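Participant: next one to model:
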Amino acid sequence: GIIYVPLGWISNRVDPGGEQVDDQNLGTFLLTFVADDSFGQFGAILLGVIVAVACITTATGLIVAVSEYFNSILPKISYEKFVVVFTLISLVLANQGLTQVIQTSVPVLYIIYPIAMTSVALLFLTYFVPSPRLSFQLPVALVIITSILSVIHRNGWMDLGWIENMPLFANSFEWIPVMIIGYIIGYLIGMKHEKVKYS
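Facilitator: This next block holds a predicted model:
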């Protein structure tokens, strides 16, 4: 938040002085413009170093985590081999260009984020309300289905007009009512089973 809120604030108030964005990503253009305007030629070098350092730490952490995970479920393939494979995959994906990376990742993120937020919300809820396992499993399953169908419809891969009638669809939060209904149904069905509580 400390980094991204000021970046957003600066980007919304910068005056590029009539310079054209052309084919660049708008965010990239604004960052390079502000760096150049503030620091001159040194700004491009400074921005490059900052982005490289920030990204290399994130990339290293992600490659290590993913490689360790896949090595734990497929121990016959060494951790080192997974590191090499995921590094090469990342190299290929990263060199598609920022616009292409964003276009490719947005549908995936529209599926993953609701699932992740549902999981976190339900786990947080168990600190206050002990709940049966079904009240976790059912809403997550329903959110997965809802998220996939929403992405299919929003990208025009299939016309699912009925999904637009779901509450909060216009704000991309159609999964929230699904999560709540799934939790209630799962809780009622699993009420007599053992309840989970984290403390």
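Participant: quick one: contacts for residue 179?
Facilitator: With contact taken as Cβ atoms under 8 Å, 6 or more residues apart in numbering, residue 179 is in contact with 114, 118, 121, 122, 139, 142, 143. C-beta here means a position set from N, CA and C on the backbone, and glycine is covered the same way.
Participant: so which helix or strand takes in the first one?
Facilitator: Meaning residue 114. Using DSSP states H and E, the element containing residue 114 is helix 98-125.
Participant: what's the answer for the last one, then?
Facilitator: Here residue 143, judged by DSSP H and E, is contained in helix 134-154.
Participant: can you pull out the strands in the chain?
Facilitator: Residue ranges of the strands in the chain, as given by DSSP state E, are 131-132, 195-196.
Participant: on that earlier part again, and the contacts of residue 179, which two are furthest apart?
Facilitator: Taking Cβ to Cβ as the measure, those span a maximum distance of 13.6 Å, between 121 and 142.
Participant: okay, the two: which has more neighbours?
Facilitator: Between residue 121 and residue 142, counting by other Cβ atoms under 10 Å, residue 142 is the more crowded of the two (19 against 14).
Participant: for that one, give its distance to residue 183.
Facilitator: Applying Cβ to Cβ, to the nearest Å, the value for residue 142 to residue 183 is 9 Å.
Participant: mind giving me the packing neighbours of the longest helix along the chain?
Facilitator: If you go by DSSP state H, the chain has its longest helix at helix 41-73. Secondary-structure packing of helix 41-73 (3 or more Cβ pairs under 8 Å, 6 or more residues apart in numbering; DSSP states H and E): helix 26-39, helix 79-94.
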